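# Give me coordinates for this.
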Amino acid sequence: MATPGARRRFEATPAQVFAVLADGWLYPVWVVGASRMREVDDSWPSPGARLHHSFGVWPGLIDDVTTLLEWQPDRRAVMEAKGWPLGTARVELTVEPDGPTGSTVTVVEDASRGPARLLPKPVRQAAIVKRNTETLRRLSYLAEGHARG
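Predicted coordinates:
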């Protein structure tokens, strides 16, 4: 069974979407659950580079990292996001041109390690897709703002 994903049409080109993704400091602005950045590797967005972030709400913040696995500018980015104690997830963002000034962005995520893998996949995916629907809404605001200059 294929893993479902969240999908949204943006009024921004793939290049404008990737301009947001390339700025690691914006990660907690568009990723639901990430609350602050501590550091962005100088090599971001090269594969192997890491975003050092925290998730949760103060005073219960947990420091973790997201590692970039693949970077195909204007097309695809794959990351491994750690969120212990819940586990680790593989996150794939795909961007397709949609008209001369738009794009359609899909995010597919699933737990790859840790306790979250113990949940039945349909239960896990229901929560993940809901969260990523909001993540895409936030990412669209940033990319569309970038499109306006």
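# could you say what helices and strands the longest helix along the chain packs with?
Looking across the chain with DSSP state H, the single longest helix is helix 121-147. If you count contacts as 3 or more C-beta pairs under 8 Å, 6 or more residues apart in numbering; DSSP states H and E, helix 121-147 packs onto strand 6-10, helix 14-22, helix 27-30, strand 103-113. Every C-beta, even on glycine, is put in place using the N, C-alpha and C of the backbone.
# Any chance of JSON lines for those, columns mean neighbour count and mean pLDDT?
Formatted as JSON lines, the helices and strands packed on helix 121-147 follow (neighbours: other C-beta atoms under 10 Å; pLDDT from 0 to 100):
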{"stretch": "strand 6-10", "mean neighbour count": "18", "mean pLDDT": "97"}
{"stretch": "helix 14-22", "mean neighbour count": "21", "mean pLDDT": "98"}
{"stretch": "helix 27-30", "mean neighbour count": "18", "mean pLDDT": "97"}
{"stretch": "strand 103-113", "mean neighbour count": "19", "mean pLDDT": "95"}
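# Tell me the spacing between G102 and R8.
11 Å (C-beta to C-beta, to the nearest Å).
# Which one, of the helices and strands packed on helix 121-147, ends up nearest to V91?
strand 103-113 (4.5 Å; C-beta to C-beta).
# Give me the residues contacting the closest one.
Residues outside strand 103-113 that contact it (C-beta atoms under 8 Å, 6 or more residues apart in numbering): 3-10, 12-14, 16-17, 80-81, 86-98, 117, 119, 121, 124-125, 128, 132, 135-136, 139-140.
# repeat that for 7 Å
With C-beta atoms under 7 Å, 6 or more residues apart in numbering as the test, strand 103-113 has contacts from 3, 5-10, 12-14, 17, 87-98, 117, 124, 128, 132, 135-136, 139.
# got it, and stretch 30-50?
Contacts of stretch 30-50 (C-beta under 7 Å, 6+ apart): 20-22, 24-25, 27-28, 51-57, 61, 63, 65-71, 131, 134-135, 138-139, 142.
# Centroid-nearest residue for the protein?
V31 (5.7 Å; C-alpha atoms, centre = their mean).
# Listing request: residues of this protein with sub-threshold pLDDT.
Where the chain drops to pLDDT under 70, the residues are 1-3, 147, 149.
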